[in-house]
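J.: Predicted model and sequence follow; I will ask about them next.
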Amino acid sequence: IDMLEEKNPSIKPQPTPEVDPTIFEKRFLRKIRDLGEGHYGKVELCRYDPRGDRTGELVAVKSLKPENREEQSTNLSREIDILKALYHQNIVKYKGICQEEGGQAVKLIMEYLPLGSLKEYLPRNKGKTSLSTLLSYCIQISKGMEYLGSRNYIHRDLAARNVLLENEGIVKIGDFGLTKSLKDNDGYYTVKDDVDSPVFWYAPECLTLCKFYLASDVWSFGVTMYELLTYCDSSKSPMTCFLDMIGRTHGQMTIIRLVKVLQEGKRLPRPENCPEPVYELMRRCWEQTPEMRITFKDLVTKLTTMLQ
Ligand SMILES: C=Cc1cc(F)c(CN2CC[C@](CC#N)(n3cc(C(N)=O)c(NC(=O)OC)n3)[C@H](F)C2)cc1O
């Protein structure tokens, strides 16, 4: 080559123009349907089809509703920065961003997991989902959460609706809309936005002190375990159960009544066909004080032992 180049510089191999695979152009992003709706925005199934022949890949796209764009754009940008830096087999993959209107509004592009969340999948596949498979899902969620906590992040919205299936054997934590960094060293995040807080997945300290610890995610994991062991049967959902316990009160009395029954030691019941040792593990996630709760590390160990 050197000899040839000397003679004829025009065949010098030109560097291919740097194409950043994490930048998605709006004009090639084709909406197919909605996947989900949040207060401030939505997640859509799209095809990124630069060749225009429908051979492009399917992606999940999170964007803000125009009316919330102003106040929520910082939150979405933070979520993008968090997800971009997470690499774990049980956490949904970041693919990139799509800037529109000259960078004014940004969209988060993630991998698309067509089996959807456990909340949709489990009730429809109860027959073919064994207890061992449910325990395997619990182990994988715990591993993802152990990794998240090791990076000093709190999830704040761990629930079956936010756990996706890669396939029938692999699950991933799929949404990080409420995730916060535990930057300050007092080890908790002060919960502000109580407008759409998932109160029936919240630990007592979140409800009474508006403080969210790493151990508060363990409480939510216990509720998520309960959902899995009930195959996400909506008639036995955490909300239905707790409302039965506290009576169908209205408005802000609900939280006050919920705090009271939790302080009395009342907890979600053992799901039918849930072995006693598995329920005991849930109860270890629901210790009244955060420091008494089991850790995700120990949950992985104990759940793995049960699966042997
Ligand atoms: C703007 C904020 C906001 C908007 C929202 F709509 C939601 C709620 N949304 C979360 C993402 C969601 C569930 C999860 N995890 N999901 C992701 C995929 C995927 N990556 O494939 C998927 N797949 C699927 O359903 O396949 C059939 N569902 C589902 F869209 C609900 C939360 C929010 O914070």
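T.: Nice, thanks for sending it over. Numbering: from 1, shown residues only.

J.: any weak-confidence spans in the protein?
T.: By pLDDT under 70, the low-scoring segments of the chain are 1-7, 9, 193-195.

J.: Near the ligand, which residues of it are found?
T.: 35-38, 40-43, 60, 62, 92, 110, 112-114, 116-117, 162, 164, 174-175, 177 (Cβ under 6 Å from any ligand atom). Placement of C-beta: from N, CA and C, glycine included.

J.: Now list the buried members of those residues.
T.: By neighbour count, with 16 or more other Cβ atoms under 10 Å, these hold 35-36, 38, 40-41, 43, 60, 62, 92, 110, 112-113, 116-117, 162, 164, 174-175, 177 as buried.

J.: Do you have the strands of the protein handy? List them.
T.: 29-37, 41-48, 57-64, 94-100, 105-111, 153-154, 163-167, 170-173, 180-181, 188-190, 211-213 (DSSP state E).

J.: Distance to Leu134 added to the ones you listed, as CSV?
T.: Output for the strands of the chain, formatted as CSV (distance: least, Cβ to Cβ, whole Å):
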stretch, distance to Leu134
strand 29-37, 23
strand 41-48, 25
strand 57-64, 25
strand 94-100, 28
strand 105-111, 24
strand 153-154, 25
strand 163-167, 12
strand 170-173, 10
strand 180-181, 29
strand 188-190, 30
strand 211-213, 26
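
J.: And Pro238, how far from the ligand?
T.: 17 Å (Cβ to the nearest ligand atom, to the nearest Å).

J.: Same check on Thr55?
T.: In terms of Cβ to the nearest ligand atom, Thr55 sits 20 Å off from the ligand.

J.: if I read this right, that residue contacts Asp49, doesn't it?
T.: Yes. Using Cβ atoms under 8 Å, Thr55 is in contact with Asp49, at 7.2 Å.

J.: Tell me which of those two has more neighbours.
T.: Per other Cβ atoms under 10 Å, whichever of Thr55 and Asp49 has more neighbours is Asp49, with 16 against 9.

J.: wait, what's in contact with that one?
T.: Phe28, Arg30, Thr55, Gly56 (Cβ atoms under 8 Å, 6 or more residues apart in numbering).

J.: Quick check: closest non-adjacent residue to the second one.
T.: If you skip the residues right next to it in sequence, Arg30 has Arg47 as its closest partner in space, 4.7 Å away by Cβ to Cβ, 6 or more residues apart in numbering.

J.: Need the buried ones from the contacts of Asp49 selected in PyMOL.
T.: A single PyMOL command selects the buried members of those (16+ other Cβ under 10 Å):
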select buried, resi 56
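
J.: so which of the contacts of Asp49 comes closest to Cys210?
T.: Arg30 (41.9 Å; Cβ to Cβ).

J.: And for the spatially most central residue of the chain, nearest residue in space, chain neighbours not counted?
T.: For the chain, the residue nearest the mean C-alpha position is Asp175 (3.3 Å; Cα atoms, centre = their mean). Spatial nearest neighbour of Asp175, chain neighbours left out: Asn162 (4.4 Å); criterion: Cβ to Cβ, 6+ apart.

J.: Ok, Ser216 next?
T.: Per Cβ to Cβ, 6+ apart, closest to Ser216 is Ala203, 4.4 Å.

J.: burial measure for that neighbour, as a count.
T.: Counted by other Cβ under 10 Å, the residues lying close to Ala203 total 27.

J.: likewise Lys128?
T.: 8.

J.: Would you check how far apart it and Leu122 are?
T.: 11 Å (Cβ to Cβ, to the nearest Å).

J.: ok, now Gly251?
T.: According to Cβ to Cβ, Gly251 and Leu122 sit 31 Å apart.

J.: neighbour count winner among these two?
T.: Counted by other Cβ under 10 Å, Gly251 and Leu122 do not tie: Leu122 has more neighbours, with 23 against 7.

J.: Tell me where the stretch 101-250 of the chain has helices.
T.: 118-124, 131-150, 204-209, 214-229, 238-246 (DSSP state H, counting those that start in this stretch).

J.: Include distance to Lys260 when you put those helices into a markdown table, please.
T.: Converted to a markdown table, the helices of the stretch 101-250 of the chain look like this (distance: least, Cβ to Cβ, whole Å):
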| stretch | distance to Lys260 |
| --- | --- |
| helix 118-124 | 28 |
| helix 131-150 | 28 |
| helix 204-209 | 10 |
| helix 214-229 | 17 |
| helix 238-246 | 8 |
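
J.: With that, I have no additional questions.
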